[in-house]
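K.L.:
have a look at this fold, sequence not included:
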């Protein structure tokens with residue numbers, strides 16, 4: 001099997017991750033011509049085109065395989081860096097920009113518990129890159145080899161991956177008190193929800209319909225939506241009277257306690273089970289990520305009840 005030049009592999013990764021040759025050159029601190037030369041040399045060695053010159057640029061199937069290999073090499077280097085730091089703490093060096101450890105996490109987890117969980121690793125100089133997406137879609141980043149792990153709602157392990165349960169995030173329906181008094185005088189019901197807009201993260205976000213169907217026993221629920229692509233931004237928009245929001249209880253809790261938001265359906269919520277998936281590799285970095293996320297989730301997310309002791 002051919003041995004690939006690590007610099008050429010990182011050049012391929014930079015082109016894809018940065019979305020172009022010019023930005024890749026800036027990241028790698030080389031000329032754009034050098035980026036093109038490294039890519040051509042790698043394509044000649046592989047015997048296949050690795051990048052589709054489209055807008056946006058996309059890796060071919062062969063390019064995806066090399067990208068996955070590159071990220072595995074990054075993981076090995078990160079493991080080595082951790083081991084060296086333990087042996088010689090004074091020799092600790094800064095993380096290289098081109099050796100980031102990428103993981104995908106849903107935006108609501110980023111806004112509530114995940115950053116606190118990962119803080120210790122970042123303080124220890126782990127070169128972390130977090131990619132945000134909807135919890136039902138983060139696994140696609142892992143499936144395509146673009147990240148080392150992801151927080152997702154998918155329970156079954158992907159091929160070549162391992163999975164750990166994290167706990168459940170509860171979503172509640174909220175609105176500003178003045179908005180509710182004006183537009184929902186009878187409260188949120190199976191009929192009144194049709195008269196108000198709902199604040200949604202993006203077009204992938206179907207949490208509003210899910211909440212209404214579960215709460216009112218509906219087979220389907222079509223809602224009018226405005227879009228705010230930020231978890232914290234959604235809560236602020238709801239508090240400003242933009243509409244009804246179905247948001248994480250963790251995020252809305254202080255707003256409800258302060259009276260800035262009103263729980264429109266006390267006792268009703270949607271429980272979204274979250275799981276951590278990662279490549280099934282022996283790696284101290286992956287183990288550290290798993291430990292940090294499971295520990296943080298145990299402190300913030302709703303955990304399943306332990307079975308009663310046997311009689």
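P.N.:
Happy to help now that I have it. The structure presented is a predicted model; accordingly, all values stated were derived computationally and were not measured.

K.L.:
from the rest of the structure, what touches the strand or helix carrying residue 253?
P.N.:
For residue 253, the host element (DSSP states H and E) is helix 249-257. If you take CB atoms under 8 Å, 6 or more residues apart in numbering as the criterion, helix 249-257 is touched by 108, 111-113, 169-172, 174, 231-232, 235, 239, 245, 261-263, 269, 300. Bear in mind the C-beta positions are built from the backbone N, C-alpha and C, glycine included.

K.L.:
for stretch 282-302, same thing?
P.N.:
Under CB under 8 Å, 6+ apart, the answer for stretch 282-302 is 75-76, 78-79, 82-83, 101, 103, 112-114, 116-118, 120-121, 126, 148-149, 151, 164, 166-170, 250, 271, 274, 276, 278-279.

K.L.:
show me those that map onto strands.
P.N.:
101, 103, 149, 151, 164, 166-170, 271, 274, 276, 278-279 (DSSP state E).

K.L.:
so which of the residues you listed is the closest to residue 213?
P.N.:
residue 271 (14.1 Å; CB to CB).

K.L.:
for residue 208, see how far away the closest residue in space to the closest one that isn't next to it in sequence is.
P.N.:
Leaving aside its chain neighbours, residue 271 sits nearest to residue 168 (4.3 Å; criterion: CB to CB, 6 or more residues apart in numbering). Distance, residue 168 to residue 208, using CB to CB, to the nearest Å: 18 Å.

K.L.:
and the two? Which one has more around it.
P.N.:
residue 208 (27 against 17; other CB atoms under 10 Å).

K.L.:
ok, the more buried one - contacts?
P.N.:
Counting by CB under 8 Å, 6+ apart, residue 208 has contacts 198, 200, 221, 223, 225, 244, 246.

K.L.:
ok, of the residues you listed, which come out buried?
P.N.:
By neighbour count, with 16 or more other CB atoms under 10 Å, the contacts of residue 208 hold 198, 200, 221, 223, 225, 244, 246 as buried.
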